[in-house]
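In: Let's see this in three dimensions:
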Amino acid sequence: TVQNVALGLMGPADMWLTETYIYWGDSDGIWRVPTGASELKVDFSITDIEVTQGIQCLDNSTGDTTCSDNSVQLVADRPTYVRVYPKVTLSDTPSVTARLTGTRNGSPLPGSPIDPVDNSVYVLLAGADRESTSDSFNFLLPKSWRSGTVTLQAEINPGTAIPESNTGNNLSSQATVTFESARNLSVAYVPVKYTWSGWTGSSTPILTGLPDNQHLLRALMPYSQINFVGWTSGTPFASSVVTESHKLIDQLNKRYLATTNPPDQVFGFLPSGSWNNGLSDPTWISGGSGHVAAGDVNLTPAIMPHEIGHNLGRRHQTCFDGASDWPYGNTVIDIREVGFDVYRGVARAASTPDVMTGGNCSNSELHMWISPWNWNQLVDGTIDWAPAPNEVQAGPTAIVSGWLTEAGGELSPLLVLPEALPPTPGLEGI
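Out: The predicted structure follows:
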């Protein structure tokens, strides 16, 4: 366009010069500009700065209107991105750079300033779309920046590499954020051998969906680190999981109780097709341990984070659970704000269903994310979300377990351990 040539941003292939005009052509037509035309310069600015570990609030005129900018809590030592949203006047502009400075107590953080993951961005007249990672400068914070209280500020077009009409608005507003104490989660996954006589499919689960479940659990849960360990299957499950799922929960709890230094969560994986659902044992259910869950790993990548989410205190939305604390109403199941996968560097649309969507709230979505509400509730509850770990003491120990429903109950066989179980190297089984 005329502006592009005048700005010196994009040169046409062929130009013709007369005493009064410069002419050129492109796919949109034939253009001219006076030889004595005044110089045109763009003006860059930064509209917003976002600090995210998976979900964040920004611009409360849309989405979660009760959530202030950058008010979603952060956890120390977890991968963290700062997304900086640029804008320009006059013309879309390629190859624009930016940098991010960080301070703590007024002193520069190590390595400050840092460059974005992608060195440059094509800045648009219309501004950046949060759901497009290519529209924003995306900075991965160094580990030394991800603790305590830090102040972050971005600068666009540092050193005025591209001439501007105004450089007074090249700095973003400052974002001061605090990282909560680091916390970790340990998860043992148990392939359950399903030998019920009414089941005609494979008795052993194929864990092809396990990596996606592990990734989504890490991406959605506000932990600094989530560690996984595999337990080989041991005692087969011979009852119908559809009608007697409580027995599987009882069996998983029994194995959990008999383990020295047990993990925070145990998840039992069932063969594909055997159970078109998930199981959990949250503490709001009478007698729930808050430690064990199960499901078909190939059903959806969200099955593990959904069921473990229950154990960590999160309920379905109010469209299915009248006791839920979901604040967005009975007809809303989406995450309200734009999510960001800090492990894969991709954005998640605000219309994505929340990971705790379930029951008749239409939970058939394969791709889910987490809302600001559920993220903050998990951060608030990660210290005291469950009872203290059950430790097997030295000397003879009896493990008593069973189940009870309105229709009746059953006491499982008593297990007597002559001495404390030593930690088992490698893989374990139920």
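In: Against Pro301, how distant is the residue lying closest to His310 once chain neighbours are set aside?
Out: Spatial nearest neighbour of His310, excluding adjacent residues (CB to CB, 6 or more residues apart in numbering): Ser280 at 3.8 Å. All C-beta spots, glycine's among them, are computed from the backbone N, C-alpha and C. According to CB to CB, to the nearest Å, Ser280 and Pro301 sit 17 Å apart.
In: Kindly report the same for Val332.
Out: Applying CB to CB, the value for Val332 to Pro301 is 22 Å.
In: Look at these two and report which has more neighbours.
Out: Under the criterion of other CB atoms under 10 Å, the comparison of Val332 against Pro301 puts Pro301 first, with 23 against 17.
In: Let me know the secondary structure of the more buried one.
Out: Using DSSP: H, G, I helix; E, B strand; the rest coil, the structure places Pro301 in coil.
In: Would you enumerate the residues in contact with it?
Out: Gly209, Asp212, Asn213, His215, Leu216, Leu366, His367 (CB atoms under 8 Å, 6 or more residues apart in numbering).
In: Where does the first one sit: helix, strand or coil?
Out: Put simply, Gly209 is helix when judged by three-state DSSP.
In: number of nearby residues for it?
Out: Neighbours around Gly209, by other CB under 10 Å: 19.
In: Am I right that it is in contact with Asn298?
Out: Yes - using CB atoms under 8 Å, Gly209 is in contact with Asn298, at 4.0 Å.
In: Helices of the protein, residue ranges please.
Out: Ranges of helices in the chain, per DSSP state H, are 2-7, 210-220, 245-257, 303-311, 372-381.
In: Those helices: lowest mean pLDDT?
Out: Sorting the helices of the chain by mean pLDDT places helix 2-7 lowest, at a mean of 52.
In: From what I see, Ala188 and Gly230 are in contact.
Out: Yes - here Ala188 lies in contact with Gly230, judged by CB under 8 Å, at a distance of 7.4 Å.
In: which one of the two has more residues nearby?
Out: Taking neighbours as other CB under 10 Å, Ala188 and Gly230 compare with Ala188 leading, 24 against 15.
In: Skip the chain neighbours and tell me the closest residue to the more buried one.
Out: Distances taken as CB to CB, 6+ apart put Pro263 closest to Ala188, at 4.4 Å, once the chain neighbours are dropped.
In: how far away is that neighbour from Leu252?
Out: Pro263 is 12 Å from Leu252, by CB to CB.
In: Same check on Thr160?
Out: 62 Å.
In: returning to what we had before: can you select the buried ones among the contacts of Pro301 for me in ChimeraX?
Out: Here is the ChimeraX selection string for the buried members of the contacts of Pro301, based on 16 or more other CB atoms under 10 Å:
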select :209,212,213,216
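In: Nearest to Thr35, out of the contacts of Pro301: which one, please.
Out: For those, the closest approach to Thr35 (CB to CB) belongs to His367, at 55.4 Å.
In: So what's the residue count around the closest residue in space to that closest one that isn't next to it in sequence?
Out: Nearest non-adjacent residue to His367, counting by CB to CB, 6+ apart: Thr352, 6.5 Å away. When neighbours are defined as other CB under 10 Å, Thr352 has 22 of them.
In: can you pull out the strands in the stretch 301-430 of the chain?
Out: For the stretch 301-430 of the chain, the strands defined by DSSP state E, counting those that start in this stretch occupy 339-341, 346-348, 397-399, 402-405, 408-411, 415-417.
In: picking that back up, I'd say the residue nearest to Ala188 and Trp231 touch.
Out: No - counting by CB under 8 Å, Pro263 stays clear of Trp231, with 9.3 Å between them.
In: which residues are common contacts for the two?
Out: Common neighbours of Pro263 and Trp231 (CB under 8 Å, 6+ apart) are Ala188.
In: so Leu109 makes contact with Gly148?
Out: No - in this structure Leu109 lies outside contact range of Gly148 using CB under 8 Å: 10.1 Å.
In: out of those two, which sits in the busier spot?
Out: Set side by side, Leu109 and Gly148 show more neighbours around Leu109, with 19 against 11, by other CB under 10 Å.
In: about what we covered before: could you export the helices of the chain as CSV, including distance to Glu155?
Out: Converted to CSV, the helices of the chain look like this (distance: least, CB to CB, whole Å):
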stretch, distance to Glu155
helix 2-7, 21
helix 210-220, 30
helix 245-257, 52
helix 303-311, 37
helix 372-381, 28
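In: Find the one among those with the highest mean neighbour count.
Out: Mean neighbour count, computed with mean count of other CB atoms under 10 Å, is highest for helix 303-311 among those, reaching a mean of 26.
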